[in-house]
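Visitor: mind folding the following:
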Amino acid sequence: MNWDEVIRKTYERSRKLGVPNINYEDGYVIFSVAYMTAISFKKLYAIDAGAGVGFSTVWMIKALRNSKVDGKIYAIEEEPRRFNYLRELVENHNFQDVVIPIKGDALENVKKIEDLNFVFIDIDKHLYLDFFNLVKDKVKVGGVVLAHNVNYTWGTIREFLEETSKGNWITAVVPTSEGISISLRVA
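Guide: Got it, this is the predicted structure:
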């Protein structure tokens, strides 16, 4: 598989459709952390909350394939047109063995998913804290939660960063142009 081509085409589709998406530097962060998580756990059970047309999902798939471990990625997208492109991406590249596209609300769908070690959040910013509160006990010790756009104070991002920096969690922010937080569950 030519990953550069798949990534480029997915990125271009996002841009052409006007879908807000992560940029390449954030993609490399997602890939790196997902790869290290997969190697550490010898599996990757992930959620991509706010998957759009699949640009962030592709980085997770690449990490899973490169690590050669077992895993599943639950790619959740609520907007129908974006979801159709996400599903098309999965089908066209035969990713069905590792990606489960889910159409619907991330907060509702996360309630049905267990046994996680990697979560990426890129949903409506006012929902970050609510989503984290639903997922934090589902992530295994040593697992991670990443969140996009944390350089901004929209919605509940500030409260989310405070919550992911106390108790069983520690957080660092990677200073990409939009900011991506990495929160590690330590206990």
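
Visitor: ok, which stretches of this protein are helices?
Guide: Taking DSSP state H as the criterion, the chain carries its helices at 3-17, 24-41, 55-67, 80-92, 106-110, 128-135, 157-163.

Visitor: of those, give the one that comes closest to Leu184.
Guide: Distance to Leu184, taken as C-beta to C-beta, is lowest for helix 24-41 among the helices of the chain, at 9.6 Å. In this view, the C-beta of every residue, glycine as well, is placed from N, C-alpha and C.

Visitor: just give me the neighbour total for Val186.
Guide: 10 (other C-beta atoms under 10 Å).

Visitor: so who does it touch?
Guide: Taking C-beta atoms under 8 Å, 6 or more residues apart in numbering, we find Val186 in contact with Val141, Gly142, Asn168, Trp169, Ile170.

Visitor: one more time with 6 Å
Guide: Asn168, Ile170 (C-beta atoms under 6 Å, 6 or more residues apart in numbering).

Visitor: so how far is Thr164 from it?
Guide: Separation of Val186 from Thr164 (C-beta to C-beta, to the nearest Å): 11 Å.

Visitor: nearest to Val98, out of the helices of the chain?
Guide: Relative to Val98, the nearest member of the helices of the chain by C-beta to C-beta is helix 55-67, separated by 5.7 Å.

Visitor: how many neighbours does Lys103 have?
Guide: 16.

Visitor: show the pLDDT at it.
Guide: Listed pLDDT for Lys103 reads 98.

Visitor: ok, Arg185 next?
Guide: pLDDT recorded at Arg185 is 98.

Visitor: the one residue sitting closest to the centre of the chain and Asn2, how far apart?
Guide: In the chain, the residue lying closest to the centroid (C-alpha atoms, centre = their mean) is Phe120, at 2.6 Å. Plainly put, Phe120 is 23 Å away from Asn2 if you go by C-beta to C-beta.

Visitor: then Trp59?
Guide: 15 Å.

Visitor: the two - which one has more neighbours?
Guide: Trp59 (27 against 8).

Visitor: number of nearby residues for the closest residue to Asn21 other than its chain neighbours?
Guide: Nearest non-adjacent residue to Asn21, counting by C-beta to C-beta, 6 or more residues apart in numbering: Ser14, 4.2 Å away. If you count neighbours by other C-beta under 10 Å, Ser14 ends up with 20.

Visitor: let me see the contact set for Ser14.
Guide: With C-beta under 6 Å, 6+ apart, Ser14 has these contacts: Asn21, Val53, Phe55.

Visitor: perfect, that will be all.
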